[in-house]
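K.L.:
Predicted coordinates and the sequence they were generated for:
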Amino acid sequence: MFYILAIESSCDDTSCAVIDSNFCVLSNVIASQQVHKEYGGVVPELASRAHQQNIIPVVDKALKDAKITKEQLSAVAFTRGPGLMGSLLVGVSFAKSFARALDIPMIDVNHLEAHVLAHFIKDTPEQKVPEFPFLCLLVSGGNTQIVLVESARKMQIIGQTIDDAAGETIDKAAKILSLPYPGGPHIDRLAQEGKPVLIFSQSNIKNYDYSFSGLKTSILYTLRDKLKENPKYMEENLADIAASVQKAVVDSLLNKFEKAIKDTKIKTIAVAGGVSANSELRRRLQELGAKHKCEVFIPKFSYTTDNAAMVAVVGLFKYLEKDFAHLGLTAYAR
Ligand code: KG4
């Protein structure tokens with residue numbers, strides 16, 4: 001048995017996890033930064049400062065929770081990108097010095113690959129994991145992609161957004177409704193009491209690509225027109241508006257995903273990223289799986305958002321192939 005420690009610091013969560021060589025997670029500590037709430041979005045400079053403060057206590061706790069010492073580690077994995085440069089640099093620099101001090105290899109991890117492979121994080125040794133190939137709908141604040149996962153080391157993006165991401169669209173709608181940032185969980189909660197009575201216009205571009213800018217504009221214009229008729233329209237219809245926004249985004253996401261399922265005939269499907277916490281998306285993905293006789297993988301809530309356990313999984317796959325990083329590498333934002 002050997003152990004890998006992983007660091008994630010690409011945006012506003014400082015996280016450290018330890019997994020064993022069977023992909024079982026021994027600890028996954030996440031320090032979320034509250035400082036951004038009052039600004040309505042992540043402030044990069046504040047994020048990197050908070051990472052700097054959090055990283056040592058988070059690593060310390062992850063080792064304690066895992067009940068191992070740092071001398072028992074075989075490698076250190078870290079998110080190299082994409083993400084906020086200042087935030088990434090904190091994790092990358094820490095990983096480099098930690099690995100050097102312990103004289104063990106370090107492994108660079110792509111953040112998006114980590115989200116896709118979050119389905120391989122095991123809480124128990126018997127836990128089922130997806131078989132290759134599988135199709136993954138990756139939906140987060142900054143990305144919307146359909147990924148064909150041929151193996152842990154071979155992925156192909158077969159469709160992606162040409163403008164805004166699904167999470168960004170939901171957050172923008174939430175902002176118009178004066179809901180706190182990030183708006184996704186608030187829209188989800190409100191939508192459960194509403195009906196999707198508003199129809200927004202949606203773009204349908206070629207292949208498996210997405211476009212959300214038209215939907216964003218349609219939400220803005222529809223609400224503007226409603227407010228002209230009734231200045232209290234938003235406060236009186238909050239739940240229905242939330243349900244309508246949620247439905248429009250989920251419809252958009254799943255239309256293209258269904259097309260990919262039909263065309264590729266792949267029978268294992270998955271969802272990943274922050275927006276995969278959405279209850280409507282989770283429910284409708286199960287329905288889609290049943291309709292096409294696919295096995296469906298939906299991550300645990302704690303693995304939908306940024307976490308180091310998913311980074312550790314990619315780290316372990318790369319460790320098994322001795323694919324290590326050299327000391328000269330640096331972070332990449334995009
Ligand atoms: O992957 P993630 O944690 O990080 C970024 O890519 O930034 O995704 C964050 C996104 C935000 O847009 C947030 O509003 C959305 O995930 N989100 C949700 C829900 N929970 C988080 N969107 C819809 N429904 C939710 N329950």
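P.N.:
In hand now; what should we look at?
K.L.:
number of nearby residues for the closest residue to residue 258 other than its chain neighbours?
P.N.:
Closest residue in space to residue 258, ignoring its immediate chain neighbours: residue 288 at 6.0 Å, by CB to CB, 6 or more residues apart in numbering. In short, each C-beta sits where N, CA and C put it, glycine included. Other residues lying near residue 288 total 17 when counted by other CB atoms under 10 Å.
K.L.:
so when I look at residue 288, I'm seeing a helix, right?
P.N.:
Yes - under DSSP: H, G, I helix; E, B strand; the rest coil, residue 288 sits within a helix.
K.L.:
shouldn't it be in contact with residue 256?
P.N.:
No - taking contacts as CB atoms under 8 Å, residue 288 lies outside contact range of residue 256: 11.6 Å.
K.L.:
Let me see the contact set for the residue nearest the centre of the chain.
P.N.:
The centroid of the chain falls nearest to residue 273 when counting by CA atoms, centre = their mean (2.3 Å). Contact partners of residue 273, counting by CB atoms under 8 Å, 6 or more residues apart in numbering, are 115, 138-140, 143, 167, 304.
K.L.:
which residue packs closest to residue 123, ignoring adjacent ones?
P.N.:
Closest to residue 123 by CB to CB, 6+ apart is residue 25, at 6.3 Å.
K.L.:
Which positions are bridged to that neighbour in the beta structure?
P.N.:
Taking DSSP bridges as the rule, residue 25 bridges to residue 19.
K.L.:
from what I can see it touches residue 122, true?
P.N.:
Yes - Residue 25 is within contact range of residue 122, at 6.7 Å (criterion: CB under 8 Å).
K.L.:
neighbour count winner among the two?
P.N.:
residue 25 (23 against 18).
K.L.:
and the gap between the more buried one and residue 82?
P.N.:
24 Å (CB to CB, to the nearest Å).
K.L.:
Over to residue 242?
P.N.:
Taken as CB to CB, the span from residue 242 to residue 82 is 29 Å.
K.L.:
swap in residue 261?
P.N.:
Taking CB to CB, one finds residue 261 at 27 Å from residue 82.
K.L.:
Tell me which of those two has more neighbours.
P.N.:
residue 261 (22 against 18).
K.L.:
pLDDT score for that one?
P.N.:
Note for residue 261: predicted pLDDT of 98.
K.L.:
How about residue 241?
P.N.:
98.
K.L.:
In three-state terms, how would it be classified?
P.N.:
helix.
K.L.:
wouldn't it be in contact with residue 177 here?
P.N.:
Yes - counting by CB under 8 Å, residue 241 touches residue 177, with 6.4 Å between them.
K.L.:
Pick out whichever of these two has more residues nearby.
P.N.:
residue 241 (26 against 20).
K.L.:
Next up, the contacts around the more buried one.
P.N.:
173, 177, 194, 198, 223, 234.
K.L.:
The helix or strand hosting the first one packs against which elements?
P.N.:
With secondary structure defined by DSSP states H and E, residue 173 is part of helix 166-176. Here helix 166-176 is seen to pack against helix 184-191, helix 213-229, helix 238-264 when contacts are counted using 3 or more CB pairs under 8 Å, 6 or more residues apart in numbering; DSSP states H and E.
K.L.:
and the chain, which residues reach the ligand?
P.N.:
11, 140-142, 167, 170-171, 182-185, 187-188, 273-275, 277-278, 305-306 (CB under 6 Å from any ligand atom).
K.L.:
Could you dump the helices and strands packed on helix 166-176 into JSON lines and include distance to residue 101?
P.N.:
Listed next are those as JSON lines, based on distance: least, CB to CB, whole Å:
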{"stretch": "helix 184-191", "distance to residue 101": "39"}
{"stretch": "helix 213-229", "distance to residue 101": "47"}
{"stretch": "helix 238-264", "distance to residue 101": "44"}
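K.L.:
Just tell me which of the ones you listed ends up closest to residue 126.
P.N.:
For residue 126, the closest of the helices and strands packed on helix 166-176 is helix 238-264, at 27.4 Å, according to CB to CB.
K.L.:
Name all residues that make contact with the residue lying closest to residue 117 once chain neighbours are set aside.
P.N.:
Nearest residue to residue 117 in three dimensions, chain neighbours excluded: residue 313, at 5.1 Å (CB to CB, 6+ apart). When contacts are counted by CB under 8 Å, 6+ apart, residue 313 touches 19, 23, 114, 117-118, 120-121.
K.L.:
Could you give me the PyMOL selection string for whichever of those residues are buried?
P.N.:
To isolate the buried subset of the contacts of residue 313 in PyMOL, counting by 16 or more other CB atoms under 10 Å, use the following:
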select buried, resi 19+23+114+117+118+120+121
